[in-house]
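In: all I have is the shape, not the residue letters:
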């Protein structure tokens, strides 16, 4: 068992975990962003309007669901990008799910806002952890020394 663990250390380390976390939430969010890019953001505009916010806030969804995930994937401005991602998820929860925050899904028993909450909390984890060595941030930091 100890031999196996020593061999795994070469591949399974904290930097690999940071990369996997970044890729997981960013790639999954890109699906949402591409859907909105191809289908439009009419539904988002309606949610923004109903919340009494200016129309241009709706266009932030492209930034939060396409640009920011790409930055997370490549690991550029990772902590800032993850923070913006978390703000985007707070906005999504507020606009689309504020009436369901404390509700449980009768089918699963989980929270109704489980998926956006998972994105939100994962992005906060990235804010604290940073990008790791498999990122552009790491390369830039290396050259600045």
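Out: In hand now; what should we look at? Predicted, not measured: the structure shown is a model, and the values here were computed from it.
In: now the element after the longest helix along the chain, going C-ward?
Out: In the chain, taking DSSP state H as the definition, the longest helix is helix 14-39. Remark: after helix 14-39, the chain's next helix or strand is helix 42-50, criterion DSSP states H and E.
In: list the helices and strands that following helix packs on?
Out: In this structure, helix 42-50 makes packing contacts with helix 78-97, judged by 3 or more CB pairs under 8 Å, 6 or more residues apart in numbering; DSSP states H and E. Glycine gets a C-beta too; all of them are placed from N, C-alpha and C.
In: contact partners of the next helix or strand after the helix it packs on?
Out: Note on helix 78-97: by DSSP H and E, the next helix or strand toward the C-terminus is helix 114-129. The list of residues contacting helix 114-129 from outside it, by CB atoms under 8 Å, 6 or more residues apart in numbering, reads 18, 21-22, 24-25, 28-29, 72, 78-79, 82-83, 85-86, 89-90, 92-93, 97, 105, 108, 111.
In: of those residues, grab the buried ones for ChimeraX.
Out: Those of those that count as buried under 16 or more other CB atoms under 10 Å are selected in ChimeraX with:
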select :18,21,22,25,29,72,78,82,83,85,86,89,92,93,97,111
